[in-house]
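Peer 1: give me a 3D structure for the following:
(2 chains)
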Amino acid sequence: DAKTTQPPSMDCAEGRAANLPCNHSTISGNEYVYWYRQIHSQGPQYIIHGLKNNETNEMASLIITEDRKSSTLILPHATLRDTAVYYCIVRAGGNDMRFGAGTRLTVKP
Amino acid sequence: DVKVTQSSRYLVKRTGEKVFLECVQDMDHENMFWYRQDPGLGLRLIYFSYDVKMKEKGDIPEGYSVSREKKERFSLILESASTNQTSMYLCASKRTGGVHGYTFGSGTRLTVV
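Peer 2: Just a heads-up that it's a prediction; the model follows:
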């Protein structure tokens, strides 16, 4: 699986968009970008994934650059409940997933 | 609502004890996983199973074993618990193939004293 690089922490004001970056410069053509988040004392929760097109669901949007070497997870209107650790994972199909240290997002009032 | 259920939320065991952590999923998923999570280290994969009675080592299998006798249940076993196995343990399941996401349990916080 390709290695990912994320900032260790970020802050965001409540109601504003949170933009979480992820670098994956060694991504292969068959590897997807996944995002999970982990709220304190809970298991990680799936957010969104994509291959090369931008994706949007009820939780977030995923923007993948044209060269696929980086991506951004966007929470359009962050709330206090979005405070969590966000993990960016790059992997092909298959059944095991490795998590890095992620980005600790703190949404402030 | 689909679920991955871990039998204990908090557990305290003594050094040298044999410890069983149980995980059950109700989604008929083929794949199940055990991770441990420690501050500053993120989630690390211990073992996973892609079918009943099948198991594969993850990145840190030493000191652990697993059992998958039924599709819905995946047990993590600490043969002789040590204090460095104090951690949060997370179980997950996933349908085989493609891009399906993982579903995680709420975790078991194990303290070995």
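Peer 1: now do the contacts for the closest residue to chain B within chain A.
Peer 2: Closest residue of chain A to chain B, CB to the nearest CB: residue A:43 (3.0 Å). To be clear about C-beta, it is placed using only N, CA and C from the backbone, and glycine gets the same treatment. Contacts for residue A:43 (CB atoms under 8 Å, 6 or more residues apart in numbering or on different chains) come out as B:4, B:90-92, B:104-107.
Peer 1: cutoff 6 Å now
Peer 2: By CB atoms under 6 Å, 6 or more residues apart in numbering or on different chains, residue A:43 lies in contact with B:90, B:104-107.
Peer 1: just residue A:77 next, same as before
Peer 2: With contacts defined as CB under 6 Å, 6+ apart, the neighbours of residue A:77 are residue A:15.
Peer 1: kindly recompute the last result at 10 Å.
Peer 2: Residue A:77 sits next to A:14-18 when contact means CB atoms under 10 Å, 6 or more residues apart in numbering or on different chains.
Peer 1: show me where pLDDT drops low in chain B?
Peer 2: Counting by pLDDT under 70, chain B shows low-confidence ranges at B:1-2, B:98-100.
Peer 1: just want the residue of it that's nearest chain A.
Peer 2: Minimum separation of chain B from chain A (CB to the nearest CB) falls at residue B:104, amounting to 3.0 Å.
Peer 1: and the closest residue to residue B:96 other than its chain neighbours, how far from residue B:48?
Peer 2: Spatially, and ignoring its direct neighbours in sequence, residue B:96 is nearest to residue B:30 (4.4 Å; CB to CB, 6 or more residues apart in numbering or on different chains). The spacing between residue B:30 and residue B:48, counted by CB to CB, to the nearest Å, is 11 Å.
Peer 1: also residue A:82?
Peer 2: Taking CB to CB, one finds residue A:82 at 29 Å from residue B:48.
Peer 1: which one's more surrounded, those two?
Peer 2: Counted by other CB atoms under 10 Å in any protein chain shown, residue A:82 and residue B:48 do not tie: residue B:48 has more neighbours, with 24 against 19.
Peer 1: run through the bridge partners of the more buried one.
Peer 2: Per DSSP bridges, the residues bridged to residue B:48 are residue B:33, residue B:56.
Peer 1: now do the contacts for the residue nearest the centre of chain B.
Peer 2: Residue closest to the average C-alpha location in chain B (CA atoms, centre = their mean): residue B:34, at 2.8 Å. By CB under 10 Å, 6+ apart, the contact list for residue B:34 reads B:21, B:23, B:44-49, B:55, B:58, B:61, B:64, B:66, B:74-76, B:89-92.
Peer 1: which of those are buried?
Peer 2: B:21, B:23, B:44-49, B:55, B:58, B:64, B:66, B:74-76, B:89-92 (16 or more other CB atoms under 10 Å in any protein chain shown).
Peer 1: from those residues, which ones fall inside strands?
Peer 2: In this view, the buried ones among the contacts of residue B:34 that belong to strands under DSSP state E are B:21, B:23, B:44-49, B:64, B:66, B:74-76, B:89-92.
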